[in-house]
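Colleague: I'd like to go over a predicted model; first the sequence, then the structure.
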Amino acid sequence: MVYTIISLLIIGAILLIDKRKLKKYKNSKDLWVYFGILGLGFVLLLIHSSGRTLPTPLYWISAVLKPIISIF
Amino acid sequence: MKLTRKDLIPVCALMLILTGCWNNREIEDIGIAVAMGIDKVDNQYVVTVQLVNPSSISARTGDSSRAPIVTYQEKGKTIFDAIRRLTKTAPRKTFYPHLKMLVISEKLAREGFANSLDLLARDPEFRSDFYVVVAKNHRADHVLNVLVPVEKIAAQNMYSKLKTSADVFAPTLALTFGDLLHDLTSPGKQPVITGIQLTGEPLEGEKMENLQRVNPKVRLKYTNIAVFKVDKLKGWLNEKESKGYNYIENNVKSTIVTVPCFTDKKENLSIELIDSDTKLKTNSMNSHPEMSVSVKTDANIAEVGCSIDLTKQETINKIEKLVEKDINGKIRSAIKTAQQKYKLDFLGFGEVVHRSEPKYWKRVKKDWDKEFVNIPIKSKVRVHIHKLGKRSNSYINELKE
Amino acid sequence: MVFKKRALKKLVKDKNEADAQPQLEDPKIEAPPEEALSTELNLNIQYLQQTFGNSSDLSFSDFELGNKKAVLIYINGLVDKMIIGHFFENIGRFDHLIKHSEFLTKTIEASDFMKQFFAPVNQVKEVRLYKKVVSAILAGNAVLLVDSISHALVINAKGWRDRDVSESATENVVRGPKEAFTENIQTNTALVRRKIKDPRLWLEKKEIGNITQTSISVMYIHSIANDKIVKEVHERLDKIDIDGILESNYIEEFIQDEVYTPFPTVFNTERPDVVAAALLEGRIAIFIDGTPFVLLVPALFTHFFQAAEDYYQRWDISTLLRLLRVTAYFISLLGPSVYIAIINFHQEMLPTPLLISLAAQREGVPFPALIEALIMEVTLEILREAGLRLPKAIGQTVSIVGALVIGQAAVEAGIISAAMVIVVSITAISNFILPAYNMGIAVRILRFLFMFLAGSFGLYGIAAGIFALSLHLCSLRSFGIPYMEPLAPYIGSDMKDTLWRKPRWKLVTRPRLLNQTNVVRENVSPKNK
Amino acid sequence: MLENGKISVRQFTVLVALYTVGTAILIIPSILAAKAMQDIWIAGLIGLGSGLGLVFFYWKISERFQFMNLVEILEKCFGKWIGKAVAFSYFTFYIFILSTFVLRDIGDFMLTVMMVETPIEAIHIIFLAVVLYGVKLGLEAFTRTTELFLPWIVILFVVLFITLLPQIEFTNILPIMENGIQPVLRSSLSFIVFPFLELVVFLMIIPYVNEPKKTKKAFLLGTALGGGLLILIATLSILVIGVTETARSIYPTYDLSKTINIREFFQRVEAFMALIWFITVFVKLVVLTYALCLGMASVFNVQDYKLLTLPIGLLLYIVSLVIFPSSTYLIEFTPIYDFYAVLWMLMPVFIWLVSLVRGKPV
């Protein structure tokens, strides 16, 4: 719960800090990229703060690479 | 109200104050542990921790009616278990970075102490610069419970005493925990640890009266060196062997050598060694393994108890020879003890072999102690006397008969 | 750049409002100020009286000049009574001459004549516009109006009580010139000119302040100062639109590069020798009438550590003193925070005896170290401010009471630990060692921030704070010059006179402010784009 | 142009040097000592030598494409869309992962040895906040900051070195090549991967040096300085705390500074010495994050990379929290990572081949 509040605070702080820049790029496609990445981050942040463990991206890397390495 | 970037500043400041207190401990809320004793009773570790009592030590608010130190004791299955149990009795959370001494009881040392000490190497709160000693013939807590004069904190007293005696006398060994770990894991050297002993009745030492006497009933005294096979105590060296050990290890910074006077056998001469340098060498390990110890020392004449003519080079040469013989005797006895009595290489010859003859070492590494017993070791001592103190000949030469 | 658009807009709005009001209130002005003077003397006098709202310090001295009515108008107190007296004396002496001649019908002759009266001591100028007359009067001139002549003669009769050139109050030296600037801009520029006798010392005058009409002079040595920076200074000054300038800080806040920073990016001094030295380095001085503090731009971080005296003592001594100052600066910035961090987070860093003695001192202190430090620091700042504003005698009492009585009592009462008093006092004293007061203030503010960081994250927090602070400092610019120059970007040849000072004969080149290979860009602040 | 700032060749050198030291200073002695034992310095020198070759190769690529940035090079090489796709995956799967490693390294370090009870989130937020502030201020500002830090690093390092001199035991580096050359080569491979392979991000920065042609010397010099410092530190920890302790310790450099003890007076200063790696890790993370933002901005044609700083920072923050489930996972993953990083190494080689086939580009 505490972490969820902190997560929301973080997102709020980010938007607040970027306010001026966001106004400057209003109606530009740059904002799509911005909110795309931010949205992804937000979703991950919420999942993380709700107590679920996110899988580490390294898991897939090692799953793919381990058989290859064992050849050598 | 419109939020602007400036509004973030007070919010952040507030968050810093509200959240940031995880590692925060106020200095007056920690119990500063200065010494720790480990004992073993019924398969459980007994940990004794000596804490300082700051308010009775501090110069300004010094309250001499209270004891400067206090010890707490707790049993546990592991050291960590015991330490955490201590919170039940100790008023404050104990704080270990200022640990000066670790005392291992002889009983635990004989059974093997290595399994108990991982915490001290792993936990970031423990620095590895505290000294390790073995309580000879005593329980560890008896040693820690003694109140000592001069230096108010007993552990500090033990620490500086060991340091001084190792520096200027040499039968003791100031061994830090880091060194001990190294010795424990190095295949070429068995560890040794200095012993500590109580004189007098242990329980008397806990009383404040012990501090109020000019000649305290109970004192702490360092004895000689204990020899280990890995982590199990095998026996004690006597003073001669201990000194010999330190000569070989190149631990001698300054010490004295007392030799009988050649004009009057009943009287003695004292020579102060001011600098000593030892080299261990290997010779042709593959065909005829042989090792050698060579010691070079500089010395001054400290005390003359008989009438001899120090202005003659001949006399000086004679004294040098005597000293060389004495030191060599100590070294020989240490080597003899190692090879014949304990059959353990606590002198570190294995490390020398490892460095200079890696191939040979690979072959013998597994049974080095067995191999070591049969290797002949030569020793050579060279003493050079420089100064006579502030006198040339002693006034003893002119004494009226 | 300074001119945050918002601020500017607001200013413009304020100005419009200010302009609008008097028009509503006072619609009776018969002639608009732009108009030329009338030939009728009475009418002119009427205008003037109306414009000044019949101010009592405006005096009209009527007299007969030849056969014409004439009036001499001036503001009491702004003119030198001697000159006015001299004027009337001359009028009396030449009265017969005037009566017999017919010069007064012709303008040019009139001027010539009057000039003979007063030249070469005083300048005489003729003006035709009404508003020029007003501003001439306001500037302290006496204006002579003669009936039937449509131009006025402005006689320079300025002369009011000025403070003499005296010893500097804020920047003392043991060795070196003692004089300091005064409130009079002419005196001030003259003080510098006396030191630099070269025609290339250029002085450009402006008037800023819609109401105060304060004179501002930009002084630089042509061919040494960077033209781009000079141009930039002019541009920034021209953009200022404000009702009044009373002190140099008014200007400073407008022309500095970055507003949201505690660090000063404009240097101020009241010593002519400092200004002269800066001009020789290629910097630009801005004189403002009415204040002894002259602005110097560009001002870099290291400039604030250089005291005037550094150049009047031997180089080795001044080098040591500078290093001492830098050390003191760090102590004053980080003193309490490092203490808090160590005592609360990193007790293992203290030697055992010190740890025990500190623990014994803190025994019974009711507050956590952070709060304790905050109490002491805030008390100290209050004392400092109180001592500063009070008359000297009382100020000393306040500091004695503060330092001795409160400190002692707090320790004895067990509210504050003695070590904290020591730390806070050392911090405070270190702060006084800085020659530049405004740089010291920056540290005083940041110190509190660092204390919070130390209180929550220990040395880690302090390190993070230092990183952020360094980033901030490195992002600052003063008139296009990176603020941390020559430390970062490192310019080896400029290092000779920064944290240390090499011997005089080694200071061969001027600072490379002008021809940096790196990045002096013109319109500096990226924010203003 | 995405970046308007220009940095000087000198600044570039400093940046490369501190970046090379980066996180490696904390853990490289342990990694090297694990296999090479007391021959750490030989492994180091071999690694540094190959590292310099690698850097030279990177520079050659940059030169061949007239000092364009990496994304532009890829677009030039593979065509617009494929180039963008390759660049995107390069930045996401290599540089991004690398940045999270770096952030996590400092978090783990703080958590393990200095502030045991503090949640890692707090440590990451504080560090990342400063780093993002730096990235937002732009290349010029953080490069100048790096330059400002350089003297501190030098002073601290000299202090570290001098205070440890009395404790050096030269016998610790004997015997040389006890187990043959094999393990030495294996550890030098780790040394190449970490940190020299990571220098590829400078392909994003070379274009903004005021005289790109002169960067060859600077690039090599910076790498050599940084690598030399690492070898020195690794050798020093062997000489002072011994092979077994170095290999077993997770942060040998920290243990090394713990042993400083001059007359019982100058001791217990490791927390100050930690400033060395705070600074270098900070520089490394700033450079990586900057390259990441710049790269993403060029991939997506965003006009101002600073716009992307905070969202990317947010992602970095979350991923850095979950990237290693435990310290053991990290130790186990290290050999896989070496292989993984070498795979990414193939990409510059591929660029080179394509550019050879196509003839002189541009």
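Modeller: Looks like it arrived, so ask away.
Colleague: and residue B:252, how close does it get to residue B:303?
Modeller: Distance, residue B:252 to residue B:303, using Cβ to Cβ, to the nearest Å: 19 Å. Any C-beta I mention is one placed from the backbone N, CA and C, and that applies to glycine too.
Colleague: what about the two, which has more around it?
Modeller: Higher neighbour count among residue B:252 and residue B:303: residue B:252, with 24 against 13, using other Cβ atoms under 10 Å in any protein chain shown.
Colleague: how much space separates the closest residue to chain B within chain C from residue C:56?
Modeller: Nearest to chain B, among the residues of chain C, is residue C:456, at 2.0 Å (Cβ to the nearest Cβ). In this view, residue C:456 and residue C:56 are 63 Å apart by Cβ to Cβ.
Colleague: show me what from chain D comes close to chain A.
Modeller: Contacts of chain D with chain A, taken as Cβ under 8 Å from any Cβ of the partner chain, map to D:97, D:121, D:125, D:296, D:300, D:302-304, D:306-308, D:310-312, D:314-315, D:317-319, D:321-325, D:329, D:333, D:335-336, D:339-340.
Colleague: generate a ChimeraX selection restricted to the buried subset of these.
Modeller: Listed next is the ChimeraX selection for buried residues among these, using 16 or more other Cβ atoms under 10 Å in any protein chain shown:
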select /D:97,121,125,296,300,302,306,307,308,310,311,312,314,315,317,318,319,321,322,323,324,333,335,336,339,340
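Colleague: pull up the residues of chain A that are close to chain D.
Modeller: Residues of chain A lying near chain D (Cβ under 8 Å from any Cβ): A:3, A:6, A:10-11, A:14, A:17-18, A:21, A:25, A:28, A:30, A:33-34, A:37-38, A:40-42, A:44-45, A:48, A:53-58, A:61-62, A:65-66, A:68-69.
Colleague: point out where the stretch 1-150 of chain D drops to low pLDDT.
Modeller: Within the stretch 1-150 of chain D, the stretches with pLDDT under 70 are D:1-2.
Colleague: the stretch 251-362 of chain D now?
Modeller: For the stretch 251-362 of chain D (pLDDT under 70), the answer is D:360-362.
Colleague: what parts of it come near chain C?
Modeller: Counting by Cβ under 8 Å from any Cβ, the stretch 251-362 of chain D comes close to chain C at D:264-265, D:267-269, D:271-272, D:274-275, D:278-279, D:282.
Colleague: mind giving me the ChimeraX select for those, buried ones only?
Modeller: Selection of buried members from these for ChimeraX, criterion 16+ other Cβ under 10 Å:
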select /D:267,268,269,271,272,274,275,278,279,282
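Colleague: near chain B too, which of the residues of the stretch 251-362 of chain D next to chain C?
Modeller: Filtering those for proximity to chain B by Cβ under 8 Å from any Cβ leaves D:267-268.
Colleague: that older thread, among the residues of chain D next to chain A, name the ones in helices.
Modeller: D:97, D:121, D:125, D:296, D:310-312, D:314-315, D:317-319, D:321-322, D:329, D:333, D:335-336, D:339-340 (DSSP state H).
Colleague: show me where chain D has its strands.
Modeller: Ranges of strands in chain D, per DSSP state E, are D:261-262, D:266-267.
Colleague: now these in TSV, with distance to residue C:351?
Modeller: Below are the strands of chain D laid out as TSV (distance: least, Cβ to Cβ, whole Å):
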stretch	distance to residue C:351
strand D:261-262	11
strand D:266-267	8
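Colleague: looking at those, which is nearest to residue D:191?
Modeller: Proximity to residue D:191, assessed across the strands of chain D by Cβ to Cβ, is greatest for strand D:261-262 (29.9 Å).
Colleague: show me what the longest helix that chain A contains is packed against.
Modeller: Longest helix of chain A, by residue count under DSSP H: helix A:30-49. Counting contacts by 3 or more Cβ pairs under 8 Å, 6 or more residues apart in numbering or on different chains; DSSP states H and E, helix A:30-49 packs against helix A:2-17, helix D:309-322.
Colleague: mind checking what helix or strand follows the helix or strand of chain C with the lowest mean pLDDT in sequence?
Modeller: Using mean pLDDT, DSSP states H and E, the weakest-scoring helix or strand in chain C turns out to be helix C:5-25, at a mean of 49. Next in sequence after helix C:5-25, counting helices and strands by DSSP states H and E, comes helix C:41-51.
Colleague: follow-up on the earlier one: neighbours of the residue of chain C closest to chain B, how many?
Modeller: 28.
Colleague: go ahead and list the helix or strand containing it.
Modeller: Per DSSP H and E: residue C:456 is located in helix C:437-475.
Colleague: what helices or strands is that helix leaning on?
Modeller: helix B:8-19, helix C:315-344, helix C:369-389, helix C:418-432, helix D:120-137, helix D:139-164, helix D:270-299.
Colleague: quick check: residue B:178 vs chain A, distance?
Modeller: 34 Å (Cβ to the nearest Cβ, to the nearest Å).
Colleague: which residues does residue C:230 contact?
Modeller: Neighbour list for residue C:230: C:218, C:220, C:284 [criterion: Cβ atoms under 8 Å, 6 or more residues apart in numbering or on different chains].
Colleague: state the distance from the nearest residue to residue D:185 once chain neighbours are set aside to residue D:39.
Modeller: Nearest residue to residue D:185, sequence neighbours excluded (Cβ to Cβ, 6 or more residues apart in numbering or on different chains): residue D:46, at 7.0 Å. Remark: distance between residue D:46 and residue D:39 (Cβ to Cβ) = 10 Å.
Colleague: appreciated, that's everything.
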